[in-house]
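*Asks:* Quick one, structure for this:
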Amino acid sequence: MNQETDIRNLPEVIPIFPLDKCVLLPKAILPLNIFEPRYLEMIDDAMKKNKYVGIIQPSVSKRKKSDTERVGCLGKISTYVENDDGTLIIKLTGICRFNIIEEIENRAPYREMKVTYHAFNDDLLLDDNTDTIDREKLLNVISDYLNVNDLTTDWSVITDTDTEILINAFAMLSPFTAKEKQALLEATNIENRSEILIALSEISIASRNNKKNNFIQ
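*Replies:* Coordinates of the predicted model:
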């Protein structure tokens, strides 16, 4: 059994990388340019240990007691490139979402959290459970979203991409608000995430079309 298909093999304490309007989702890839000294040290330590880093958003609500959200996603460093100036370019592969239990005091310049993965055990399933998702509708919405925002891409790559990875990658890359990104991250399952993604995209498409129509008038 792959160690990353069993939550018992995932670390209970992880370094945390808070990023605004940025989420990592299971099985998706997140490229990052690392240049702050504290995070350079964090990545260096992770490479020496188990290559795991937790991505989480700063709190999207000022009413919350914590300065971060409670749900993030564990990533594993899958690509590591050191630039001549000492900065890093890495890629994280999403493994499993987590709930924060508490912050751990340490002597490092970066933060560490004790986390639990039990609420998100399905993230580790090899079967993506996307049979009930209307893939054609999803593709149509993605196409409309790209067109209305004047974005171009290799459509053959999109149509050939696995449904779960497509949903998660589109959710990560789309310029939604921090609150909307968090809603996508915390979706109960991939089907629910697809529904939220389609709804948010349709709202964005309608808004863009209205602005264009008003400009023409």
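*Asks:* Quick one: list the elements packing against the longest helix seen in the chain.
*Replies:* In the chain, assigned by DSSP state H, the helix with the most residues is helix 190-216. Judged by 3 or more Cβ pairs under 8 Å, 6 or more residues apart in numbering; DSSP states H and E, helix 190-216 is in contact with helix 135-148, helix 163-173, helix 178-185. The C-beta positions use only the backbone N, C-alpha and C, and glycine is treated the same way.
*Asks:* Reduced to three states, what does the residue positioned nearest the centre of the chain come out as?
*Replies:* Centroid-nearest residue in the chain: L24, 1.7 Å away (criterion: Cα atoms, centre = their mean). Here L24 takes the coil state, with states given by DSSP: H, G, I helix; E, B strand; the rest coil.
*Asks:* Now for it: which residues touch it?
*Replies:* 30, 55, 72-73, 75, 92, 94, 172 (Cβ atoms under 8 Å, 6 or more residues apart in numbering).
*Asks:* Now do the longest helix of the chain against helix 135-148, angle only.
*Replies:* Calculated by axes from the mean of the first three to the mean of the last three Cα atoms, to 10 degrees, helix 190-216 forms an angle of 30 degrees with helix 135-148.
*Asks:* Would you agree F120 falls within a helix?
*Replies:* Yes: F120 sits within a helix when classified using three-state DSSP.
*Asks:* Only the buried residues of the longest strand seen in the chain, if you could.
*Replies:* Selection of the longest strand in the chain by residue count, based on DSSP state E, yields strand 88-104. Buried residues in strand 88-104, counted by 16 or more other Cβ atoms under 10 Å: 88, 90, 92-100, 104.
*Asks:* again with stretch 31-38
*Replies:* In stretch 31-38, counting by 16+ other Cβ under 10 Å, buried: 32, 34.
*Asks:* Show me the domain layout of the chain.
*Replies:* Residue ranges for each domain of the chain read 3-124, 135-216, as given by automatic domain parsing.
*Asks:* For D150, see how far away D162 is.
*Replies:* Distance of D162 to D150, given as Cβ to Cβ, to the nearest Å: 27 Å.
*Asks:* and these two? which has more neighbours close in?
*Replies:* D162 (12 against 7; other Cβ atoms under 10 Å).
*Asks:* Quick check: phi and psi at the residue nearest to that one when sequence neighbours are not counted.
*Replies:* Among residues not flanking D162 along the chain, D128 sits closest, at 6.6 Å (Cβ to Cβ, 6 or more residues apart in numbering). Per-residue torsions, D128: phi -80, psi -10 (degrees, to the nearest 10).
*Asks:* isn't D128 right up against T163?
*Replies:* Yes: counting by Cβ atoms under 8 Å, D128 touches T163, with 6.4 Å between them.
*Asks:* quick one: common contacting residues for those two?
*Replies:* Shared contacts of D128 and T163, defined by Cβ under 8 Å, 6+ apart, comprise I190.
*Asks:* sorry, back to before: so which of the buried residues of strand 88-104 comes closest to A119?
*Replies:* N99 (5.9 Å; Cβ to Cβ).
*Asks:* That closest one and A119 touch, don't they?
*Replies:* Yes: if you go by Cβ under 8 Å, N99 and A119 touch, sitting 5.9 Å apart.
*Asks:* Distance check, the closest residue to S204 other than its chain neighbours against I43.
*Replies:* In space, and not counting its chain neighbours, S204 is closest to Y145: 6.5 Å by Cβ to Cβ, 6+ apart. Here Y145 is placed at a distance of 33 Å from I43 (Cβ to Cβ).
*Asks:* Thanks a lot, catch you later.
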